[in-house]
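In: pasting the sequence and the predicted coordinates here, then a few questions.
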Amino acid sequence: MKDKIDNLLSEIETIEIKSKEHLEEFRLKWLAKKGLVTALFDDFKTLANEERKEVGRHLNDLKNKAQEKYNHLKEKFEEIADTSSPDIDLTKPAEPIAFGSRHPISIVRNQIVEIFSRIGFTIKENREIEDDWHNFSALNLPEDHPARDMQDTFFVKGQNENSNYVLRTHTSSVQIRVMENSKPPIRSIFPGRVYRKENISARAHCFFHQVEGLYVDENVSFADLKQTLLYFAQEMFGEKTKIRLRPSYFPFTEPSAEVDITCFICGGKGCAICKQSGWVEILGCGMVHPKVLENCKIDSKKYTGFAFGMGIERIAMLKYQINDIRLFYENDVRFLNQFKSA
Ligand code: DAH
């Protein structure tokens, strides 16, 4: 019996197992209840005592070898199954990572912020749900002022009847918050989202983005305003750009102006973008009204200031020649992908 076991031992070592199916055959033949090893143990019981010791050792050896071989191969086949399922080919190159692109509104906002920060303007942001004081009254728009109709307003229901909250209609509200909370010199820009009750069309939307600018100090003049805006226009639209200031009206500035730039498409000759005029409007501005300074407890005899406000969508539409404001909010990747290199 000992020889028989030894033969089997060397047989085990030579058996080649190439698949899971082979391994199962191996298990059935050697290790199962009706397998060879169990049968040998049955025979073993019939041996005389003196033989048992030695044969027992060999028999245990055989059993362990068979079990070890089985365990080892089982683990190996499982590992292979994990990594080499038919639809994974590890030699293939990795899928390219698809990069997104910045939204054109963010691109233009960042450019505006960057241009003004180069000449010493800091950036501040503030709330979008604003009270009546900061959005209107403090900006020299008292309750019955007809200019309130210039901007159709979304009102927000407050906790009680006396609370007058609105979705801010312009970022000029941030001027007030900043002037209330800091002393001149103040030189900051305030980018952010604003809301108006407008019918949505190619040219108007119920929300959009603005950048407000404010400079308050001793001796700030209209000439400072003009020079600052010329610098901005040339940085944004090219060094050949000229600006033109037209008298206008805003309750919070006096005097007030609207600023046009020479059309950067046709260089001023006249085209579809500038409606043949050679000029396109980009922003509103003026000298901060003394009443507005006083509303914020800033001495209007000592300090003067200028302010301006521009729509980011408007600048972006001009710069990229986009003719429908709704494109900014639809998130159509065919539109957004065009700004990858911008
Ligand atoms: N708040 C104005 C608007 O939304 C824009 C504006 C005009 C802001 C003149 C200013 C300014 O600071 O001086 O239409």
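Out: It's in. Residues are numbered from 1 along each chain as shown.

In: mind jotting down where the helices sit in the stretch 51-200 of the chain?
Out: 104-118, 132-135, 172-181 (DSSP state H, counting those that start in this stretch).

In: among those, which is the most enclosed?
Out: helix 172-181 (a mean of 21; mean count of other CB atoms under 10 Å). Where C-beta positions appear, they are placed from N, C-alpha and C, glycine not excepted.

In: picking that back up, I'd like to know which of the helices of the stretch 51-200 of the chain lies nearest to the ligand.
Out: Nearest to the ligand among those is helix 172-181; the distance by CB to the nearest ligand atom comes to 4.1 Å.

In: confirm that F208 sits in a strand.
Out: Yes - when classified by DSSP: H, G, I helix; E, B strand; the rest coil, F208 is found to be part of a strand.

In: need the contact list for it.
Out: F208 makes contacts with 193-194, 196, 311-313, 325, as judged by CB atoms under 8 Å, 6 or more residues apart in numbering.

In: quick one: buried residues of stretch 119-136?
Out: For stretch 119-136, a neighbour-count test (16 or more other CB atoms under 10 Å) marks 121, 124, 126, 130-132, 134-136 as buried.

In: likewise stretch 286-306?
Out: 286-293, 295-296, 298, 300, 303-306.

In: from those residues, pick the one nearest the ligand.
Out: Looking across those and measuring by CB to the nearest ligand atom, the closest to the ligand is G286, at 4.3 Å.

In: still on that earlier bit, of the contacts of F208, buried ones?
Out: The buried subset of the contacts of F208 - by 16+ other CB under 10 Å - is 194, 196, 311-313, 325.

In: close to the ligand: what parts of the stretch 101-250 of the chain are there?
Out: Counting by CB under 6 Å from any ligand atom, the residues of the stretch 101-250 of the chain close to the ligand are 170, 172, 212, 250.

In: quick one: neighbours of the closest residue in space to L139 that isn't next to it in sequence, just the number.
Out: Distances taken as CB to CB, 6 or more residues apart in numbering place F252 nearest to L139, at 4.2 Å, with adjacent residues excluded. By other CB atoms under 10 Å, the residues close to F252 number 25.

In: any idea how far F252 is from L36?
Out: 99 Å (CB to CB, to the nearest Å).

In: same question for I282.
Out: Distance from I282 to L36, counting by CB to CB: 93 Å.

In: for these two, indicate the residue with more neighbours.
Out: Taking other CB under 10 Å, I282 and L36 do not tie; I282 has more neighbours (23 against 18).

In: note down every partner strand of the helix or strand containing the more buried one and its orientation.
Out: For I282, the host element (DSSP states H and E) is strand 279-288. Under the criterion DSSP bridges, strand 279-288 sits next to strand 253-262 (antiparallel), strand 304-311 (antiparallel) in its sheet.

In: just the angle between the first one and helix 172-181, please?
Out: Using axes from the mean of the first three to the mean of the last three CA atoms, to 10 degrees, the interaxial angle of strand 253-262 with respect to helix 172-181 works out to 130 degrees.

In: just the last one next, same as before
Out: Counting by the same axes, to 10 degrees, strand 304-311 points 150 degrees away from the direction of helix 172-181.

In: could you give the number of residues near the residue nearest to C206 when sequence neighbours are not counted?
Out: Nearest non-adjacent residue to C206, counting by CB to CB, 6+ apart: E198, 5.5 Å away. Burial of E198 is recorded as 14 neighbouring residues (other CB under 10 Å).

In: for E198, what are its contacts?
Out: Contacts of E198 by CB under 8 Å, 6+ apart are 152, 204-206.

In: give me the subset of those lying in strands.
Out: Of the positions in the contacts of E198, not one sits in strands, assigned by DSSP state E.

In: list the contacts for the residue in the stretch 151-300 of the chain that the ligand sits nearest to?
Out: Going by CB to the nearest ligand atom, the ligand is nearest to G284 of the stretch 151-300 of the chain, at 2.9 Å. Shown in contact with G284 (CB under 8 Å, 6+ apart): 248, 250, 256-259, 308-310.

In: and of these, the nearest to K76?
Out: Checking the contacts of G284 against K76 with CB to CB, the nearest one is M310 at 68.9 Å.

In: so K183 versus L293, what's the distance?
Out: According to CB to CB, K183 and L293 sit 12 Å apart.

In: wait, what's in contact with the closest residue to N323 other than its chain neighbours?
Out: Once flanking residues are discounted, N323 sits nearest to A202: 6.6 Å by CB to CB, 6+ apart. For A202, the contacting residues are 323-326, by CB under 8 Å, 6+ apart.

In: okay, now the domains of the chain?
Out: Domain assignment for the chain, taken from automatic domain parsing, gives 2-83, 104-339.

In: OK, contacts around W30?
Out: Taking CB under 8 Å, 6+ apart, one finds 12, 36-37, 66, 70 in contact with W30.

In: do the same with Q276
Out: Counting by CB under 8 Å, 6+ apart, Q276 has contacts G270.

In: do I have it right that V55 meets K2?
Out: Yes - with contact defined as CB atoms under 8 Å, V55 and K2 form a contacting pair (5.3 Å).
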